[in-house]
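Enquirer: structural data only, the sequence is not supplied:
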């Protein structure tokens, strides 16, 4: 079984409530899920949010739309993710984040196929980025997640789920899925107000004509409207992960893991 877990929370520090901001009249989270339903190789989609009161709205939205939802720890995302995964006992897990409303279903299927064909433990298209920020895909064995949950201690490993796995290429068979051209300078994720402005303009331009628009359609639009290419690129890639890496150097009390 291949389970996709979509991490979502309301309490974003840079753009609070972003996952529920409206894109063409629907919450951004639903727009992303609408796209994810076109992924052929995912058997089950699960939204993983926190137990904080601010995330009640996410659970309510999921319930109203027939979407499975799990609630767990806000800050120890690895703990939340691990518990969420075990509600379905999958063999393989796809990790996605709810700030990527331009996610491309065909690309996700390509990454999954690459992972399965190579018998990898972990594959991503983002650790060595060649795709636009916001098209990130990770897939890994559930057994690797179990080991990460038991052994990971660093802040970056607990908050971002997979570093414990992909940082150990000697222990795990780690694969990288690359694009033919390096498009990593493009920013299609939503963390800042300028990001949401860009995504809104892309949806306004493409969605009414083709609700299933692809990465290639977005690239074509950027060729026609070059002013959009650098609309939001003043913001760096993976700023949240870098903050976690900085926190690794600070003394902390390791989390208690119950077997």
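Expert: Looks like it came in fine. Predicted model, so just to flag it, every value in this text is computed and none were measured.
Enquirer: buried ones in stretch 68-75?
Expert: Within stretch 68-75, the residues that qualify as buried are 68, 69, 70, 71, 72, 73, counting by 16 or more other Cβ atoms under 10 Å. The way it works is simple: take the backbone N, C-alpha and C, and place the C-beta from them, glycine included.
Enquirer: any idea which of those residues is the one closest to residue 226?
Expert: Taking Cβ to Cβ as the measure, residue 69 is the one of the buried residues of stretch 68-75 closest to residue 226, at 39.8 Å.
Enquirer: go ahead and confirm that closest one touches residue 62.
Expert: Yes: with contact taken as Cβ atoms under 8 Å, residue 69 and residue 62 are classed as touching, separated by 3.8 Å.
Enquirer: now for these two: what residues contact both?
Expert: Shared between the contact lists of residue 69 and residue 62 (criterion: Cβ atoms under 8 Å, 6 or more residues apart in numbering) are residues residue 47.
Enquirer: how about low-confidence regions in the stretch 101-250 of the chain?
Expert: Scanning the stretch 101-250 of the chain with the threshold set as pLDDT under 70 gives 237-250.
Enquirer: can you list the strands that the strand or helix carrying residue 96 pairs with?
Expert: Taking DSSP states H and E as the criterion, the element that holds residue 96 is strand 92-97. Strand pairing for strand 92-97, using DSSP bridges, gives strand 2-7 (parallel), strand 138-141 (antiparallel).
Enquirer: report the rounded mean pLDDT for it.
Expert: Per-residue pLDDT over strand 92-97 has a mean of 98.
Enquirer: the helix or strand just after that strand - contacts with which helices or strands?
Expert: Past strand 92-97, further along toward the C-terminus, the next helix or strand under DSSP H and E is helix 105-117. Counting contacts by 3 or more Cβ pairs under 8 Å, 6 or more residues apart in numbering; DSSP states H and E, helix 105-117 is packed against helix 28-36, strand 92-97, strand 122-124, strand 138-141.
Enquirer: buried residues in helix 105-117, which are they?
Expert: Applying a neighbour-count criterion of 16+ other Cβ under 10 Å, the buried positions in helix 105-117 are 105, 107, 108, 109, 111, 112, 114, 115.
Enquirer: I'd say the last one and residue 139 touch.
Expert: Right, the one you point to is residue 115. Yes: shown here, residue 115 and residue 139 form a contact pair, counting by Cβ under 8 Å, at 4.7 Å.
Enquirer: so what sits against both of the two?
Expert: Common neighbours of residue 115 and residue 139 (Cβ under 8 Å, 6+ apart) are 92, 123.
Enquirer: correct me, but residue 94 touches residue 138?
Expert: Yes: shown here, residue 94 and residue 138 form a contact pair, counting by Cβ under 8 Å, at 7.0 Å.
Enquirer: what ranges do the helices span in the stretch 101-250 of the chain?
Expert: In the stretch 101-250 of the chain, the segments counted as helices under DSSP state H, counting those that start in this stretch are 105-117, 142-151, 155-159, 163-166, 193-206, 215-224, 239-248.
Enquirer: so which of these is nearest residue 24?
Expert: The closest of these to residue 24 is helix 193-206. By Cβ to Cβ, the value is 5.5 Å.
Enquirer: give me the contacts around that closest one.
Expert: Under Cβ under 8 Å, 6+ apart, the answer for helix 193-206 is 15, 18, 21, 23-24, 28, 31, 101-102, 187-190, 213, 217-218, 221, 225, 228, 231-232, 234-235.
Enquirer: and the residues you listed, which are buried?
Expert: Neighbour counting over the contacts of helix 193-206 (16+ other Cβ under 10 Å) leaves 15, 18, 21, 23, 28, 31, 101-102, 187-190, 213, 217-218, 228, 231-232 as the buried ones.
Enquirer: the helices and strands packed on helix 105-117: which one's closest to residue 85?
Expert: That would be strand 92-97 among the helices and strands packed on helix 105-117, by Cβ to Cβ, at 5.6 Å.
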